[in-house]
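>>> sequence and predicted model, in that order:
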Number of protein chains: 2
Amino acid sequence: MEKISIINAAKHTDERVKIGVWLSNKRSSGKIAFLQLRDGTATFQGVALKQELGADRFAQLVDLAQETSLWVTGTIHADTRSKFGYELAISDFEIVGTSHDYPITPKEHGIDFLLDHRHLWLRSSKPNAIMRIRNEVIRAVYEFFNDRDFIKVDAPILTGSAPEGTTELFQTDYFGQDAYLSQSGQLYGEAAAMAFGKIFTFGPTFRAEKSKTRRHLTEFWQLEPEMAWMHQAESLEVQEQLVAYLVQAVIDHCTNELAVLDRDVATLKKYTKLPFPRISYDDAITLLQQNGFDVDWGVDFGSPEETFLAEHFDQPVFVLNYPKAIKAFYMQAHPTRDDVVIAADLLAPEGYGEIIGGSERSTDYDYLKQRLLASGQDLGNYDWYLDLRKYGAVPHSGFGMGLERFLAWITLQDHVRETIPFPRMLHRLYP
Amino acid sequence: MEKISIINAAKHTDERVKIGVWLSNKRSSGKIAFLQLRDGTATFQGVALKQELGADRFAQLVDLAQETSLWVTGTIHADTRSKFGYELAISDFEIVGTSHDYPITPKEHGIDFLLDHRHLWLRSSKPNAIMRIRNEVIRAVYEFFNDRDFIKVDAPILTGSAPEGTTELFQTDYFGQDAYLSQSGQLYGEAAAMAFGKIFTFGPTFRAEKSKTRRHLTEFWQLEPEMAWMHQAESLEVQEQLVAYLVQAVIDHCTNELAVLDRDVATLKKYTKLPFPRISYDDAITLLQQNGFDVDWGVDFGSPEETFLAEHFDQPVFVLNYPKAIKAFYMQAHPTRDDVVIAADLLAPEGYGEIIGGSERSTDYDYLKQRLLASGQDLGNYDWYLDLRKYGAVPHSGFGMGLERFLAWITLQDHVRETIPFPRMLHRLYP
């Protein structure tokens, strides 16, 4: 008899199979029991008859506590009444691991309680669905970049130099030297782009921010592609193609998960239509002012402004050419204006705000040096980075996408903490 | 005219194209110049004729320094004399970024000098080939596990509890609390396996070891699959299938890179033949003793013993059932013997030693508690981990593979530092 996973039930219709499962819920009429069986790949219903199992075995089965693990054997049947489409007629079972007083019951729990039990909460249908979508997005990221001749390059986490004036770095002793946890792999990505053409980093990054907003984690995964010989206009095309590709992948491969989360597929489908609209920062300011926002040219957008702009277009929208004063030192100067840089943020609709930030990178050694000095940096920390402008500098562009912010949008979660297996926040380092 | 990458030259034979390149080497006869052109995706030869370019432009071209970046235009021709198979007949060029006194010349450099210039050294053919193989292995890891219904789960890097008695952890202040950089995602992987069935983690892990061996980095990438409802025998099959799959992927997709590294493909091909041999720890001790090794039952193997065992079988070999005293607390007890646990290491031939370590995990709450107490641990740190044995424990197994050790073997490098873009070691935190 074949040992199968629930996810593959369709391939075994009307076959006798054996499945290792956890009992997630049950109801019984006295003669027939309906068991919700979960094996990690999916959840479906097992049906047990007193007549078939015998009174003792039937009583034992309906008595099992939530999260008991067991081997069940039986026959897979198509079941048009269930969303999953298949169920198991249980002919036998064997208890593997008992369970008593499982803390997460079908009743409502507070968020702190659930986060304290994250190691168990991941078994529940909603977190489970979000993590399966996370997995699909990660899979599709690799597929997208592998298909386009990008090389994955792992930037280091431990770095020896800290940008001046930031208090947002985690610090550690590195054999007597100070080391810091990386906030971004970008500068290393630029070095790698000069060696490999098109690269992406994709790994954990860290921010020791004391902020407690629904958009902040202290540890989060960031995707940072960097492309040599590429100007910003081409980079924007890569960005929108990536977003459309990831959304389509989730639509194609996560039907059940989206249903669990009540995420409307028609809404998602809109985000696969390219190109995404583009608006200059200047025009965005005007548009906001015309709609009653009290914003002056030069400010960075807050959540209300970002929400308005993306809702206005009902699509993710690129805002182009931000003021130089509010953007990072490495961004390419505008060819004809001194007050803006060649940078763009991609703002997501439905109130999710910035999901991608990117720019063309300056290739001008003297300009970069002057920008670093103006922001009070120690040039010695950037020796190797400036080298990239000494030996065959080329136009290059790149961007960063926070995986959790992207996922919060796709899965319609209020807080990014829901989109990472074990979130790390201001007061959260457990489990 | 189309802008292409060198790697796609074959698709543009006899077409006029434009390519952004760096000049990596050149020679000239006065009338004809042969330029080694690198664009990050590959390197090939450009041929320029004085007659075609004119005397001034030709002189300018042959005068360019190493690592100058330029746009070249010309026609792709098949070239049976070169390994790459294609070359470019240059009709025009445009200098993009100048270069002067590029520090890495074709002469020999010391390893410290090269590591100090790692941001540039990655452009050289050998590191470039190794990183392209690293990229292929990463790609194939995702493909292997995605195809087999594994879910990627990201274990946290920052953790609040440190195992007792270890000095090998990097520590940081986490808003007034002590936090540590993770050495392994396994315990979190076990929690995730109970939620998702089969999972893998794949991310950076950290060891603050003062050792300066050719097998140690302080920051390294680790692949850690964990599989619910799976005993050790099945886990060993997954492990050997994975290794064979990764080796085959490199053979199939990295022909040029293996040639650059002088890596013999016939040797690699041997490692795709399954099953790999298995030998018990007991028999391994006897075999070693018979061959003049001074080893007693109970010791852990050193490099000479591992090298001998893998060479003896001329294949990667699993050593099974290690002494309990030298293995981790979480390993499953042997069903009939008290002195060994259900663990196996996979040893690679050619002197590379352990590339995978794995075990079946104990499902016994009391046994684990006793093992933790016996090793002086604070049970409070393991509350959540022990929970996995309270609520529907199931047989499960997993393993860990260090990406850099695996790559050192596949690419035949003496030191793991060659196999990661920006290595971190005892005295190395730059660039």
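Happy to help now that I have it.

>>> for the stretch 251-400 of chain A, just list every one of the strands.
Ranges of strands within the stretch 251-400 of chain A are A:278-280, A:317-320, A:343-348, A:353-361, A:396-402, based on DSSP state E, counting those that start in this stretch.

>>> okay, those strands in CSV with mean pLDDT next?
Formatted as CSV, the strands of the stretch 251-400 of chain A follow (pLDDT from 0 to 100):
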stretch, mean pLDDT
strand A:278-280, 98
strand A:317-320, 98
strand A:343-348, 98
strand A:353-361, 98
strand A:396-402, 98
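
>>> pull the contacting residues for the nearest residue to A:Ile356 once chain neighbours are set aside.
Sequence neighbours aside, A:Leu346 is the residue nearest to A:Ile356 in space, at 3.9 Å (criterion: C-beta to C-beta, 6 or more residues apart in numbering or on different chains). Every residue, glycine included, has its C-beta placed from N, CA and C. Residues near A:Leu346 by C-beta atoms under 8 Å, 6 or more residues apart in numbering or on different chains: A:Gln239, A:Glu240, A:Val243, A:Phe276, A:Pro316, A:Val317, A:Phe318, A:Glu354, A:Ile355, A:Ile356, A:Gly357, A:Gly358.

>>> surely the last one and A:Ile342 touch.
No: taking contact to mean C-beta atoms under 8 Å, the distance of 9.6 Å between A:Gly358 and A:Ile342 leaves them out of contact.

>>> which neighbours do those two share?
Joint contacts of A:Gly358 and A:Ile342 (C-beta under 8 Å, 6+ apart) are A:Gln232.

>>> of those two, which one has the most company?
Legend: neighbour count by other C-beta atoms under 10 Å in any protein chain shown for A:Gly358 and A:Ile342, higher for A:Gly358 (26 against 23).

>>> burial measure for whichever residue of the stretch 151-300 of chain A sits closest to chain B, as a count.
Going by C-beta to the nearest C-beta, chain B is nearest to A:Gly197 of the stretch 151-300 of chain A, at 2.7 Å. Counted by other C-beta under 10 Å, the residues lying close to A:Gly197 total 27.

>>> how close does it get to B:Gly392?
Counting by C-beta to C-beta, to the nearest Å, the gap between A:Gly197 and B:Gly392 amounts to 49 Å.

>>> over to A:Pro277?
Separation of A:Pro277 from B:Gly392 (C-beta to C-beta): 50 Å.

>>> neighbour count winner among these two?
Between A:Pro277 and B:Gly392, counted using other C-beta under 10 Å, B:Gly392 has the larger neighbour count: 28 against 15.

>>> what's the closest non-adjacent residue to the more buried one?
In space, B:Gly392 comes closest to A:Ser69 once its chain neighbours are excluded; the distance is 3.6 Å by C-beta to C-beta, 6+ apart.

>>> who does that neighbour bridge with?
On the basis of DSSP bridges, A:Ser69 is bridged to A:Trp22, A:Gly97.

>>> could you pull up the contacting residues of it?
A:Ser69 touches A:Gly20, A:Val21, A:Trp22, A:Leu23, A:Ile95, A:Val96, A:Gly97, A:Ser99, B:Gly392, B:Ala393, B:Val394, counting by C-beta under 8 Å, 6+ apart.

>>> phi, psi for the residue nearest to A:Val153 when sequence neighbours are not counted please.
Once flanking residues are discounted, A:Val153 sits nearest to A:Ala192: 4.1 Å by C-beta to C-beta, 6+ apart. Main-chain dihedrals, A:Ala192, degrees, to the nearest 10: phi -70, psi -30.

>>> quick one: pLDDT of A:Ala192?
On pLDDT, A:Ala192 comes in at 98.

>>> return the distance of it relative to B:Arg57.
A:Ala192 is 32 Å from B:Arg57, where distance means C-beta to C-beta.

>>> more neighbours: which of these two?
Taking other C-beta under 10 Å, A:Ala192 and B:Arg57 do not tie; A:Ala192 has more neighbours (29 against 14).

>>> that one against B:Pro421, yeah?
Yes: under the criterion of C-beta under 8 Å, A:Ala192 makes contact with B:Pro421 at 6.4 Å.

>>> show the contacting residues for A:Lys327.
A:Val341, A:Ala343, A:Ser359.

>>> could I get these in CSV, plus columns for neighbour count?
CSV is the format used below for those (neighbours: other C-beta atoms under 10 Å in any protein chain shown):
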residue, neighbour count
A:Val341, 27
A:Ala343, 27
A:Ser359, 24
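
>>> quick one: which of those is nearest to chain B?
A:Ser359 (18.5 Å).

>>> and which of the contacts of A:Lys327 is nearest B:Lys31?
Closest approach between the contacts of A:Lys327 and B:Lys31, by C-beta to C-beta: A:Ser359, at 44.6 Å.

>>> and that closest one, what does it touch?
A:Ser359 touches A:232, A:327-328, A:330-332, A:341-344, A:397-399, counting by C-beta under 8 Å, 6+ apart.

>>> and with 6 Å instead?
A:Met331, A:Ile342, A:Ala343 (C-beta atoms under 6 Å, 6 or more residues apart in numbering or on different chains).

>>> can you tell me how far it is from A:Phe329?
Applying C-beta to C-beta, the value for A:Ser359 to A:Phe329 is 11 Å.

>>> using PDB, write out every CA atom in stretch A:328-342.
Once non-C-alpha atoms are left out, stretch A:328-342 reads as follows in PDB (Å, rounded to 0.1, in the frame of the first residue of the first chain):
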ATOM      1  CA  ALA A 328      20.800  57.800  -0.500                       C
ATOM      2  CA  PHE A 329      24.300  59.000  -1.500                       C
ATOM      3  CA  TYR A 330      24.900  56.400  -4.200                       C
ATOM      4  CA  MET A 331      22.000  57.500  -6.500                       C
ATOM      5  CA  GLN A 332      22.700  58.800 -10.000                       C
ATOM      6  CA  ALA A 333      22.400  62.600 -10.400                       C
ATOM      7  CA  HIS A 334      19.700  63.800 -12.800                       C
ATOM      8  CA  PRO A 335      21.300  64.800 -16.100                       C
ATOM      9  CA  THR A 336      19.700  68.300 -16.200                       C
ATOM     10  CA  ARG A 337      18.500  69.000 -12.600                       C
ATOM     11  CA  ASP A 338      20.500  69.300  -9.500                       C
ATOM     12  CA  ASP A 339      17.600  68.800  -7.000                       C
ATOM     13  CA  VAL A 340      16.500  65.200  -7.900                       C
ATOM     14  CA  VAL A 341      18.100  61.800  -8.400                       C
ATOM     15  CA  ILE A 342      17.300  58.900 -10.800                       C
END
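
>>> ok, it near chain B or not?
No: Stretch A:328-342 is not in contact with chain B by C-beta under 6 Å from any C-beta of the partner chain; minimum separation 13.9 Å.

>>> contacts for that stretch?
With C-beta under 6 Å, 6+ apart, stretch A:328-342 has contacts from A:232, A:321, A:323-324, A:327, A:343, A:359-362, A:371-372, A:375.

>>> rerun that using 8 Å as the cut-off
By C-beta under 8 Å, 6+ apart, stretch A:328-342 touches A:186-187, A:190, A:232, A:281, A:321-325, A:327, A:343, A:359-364, A:367-368, A:371-372, A:375, A:377.
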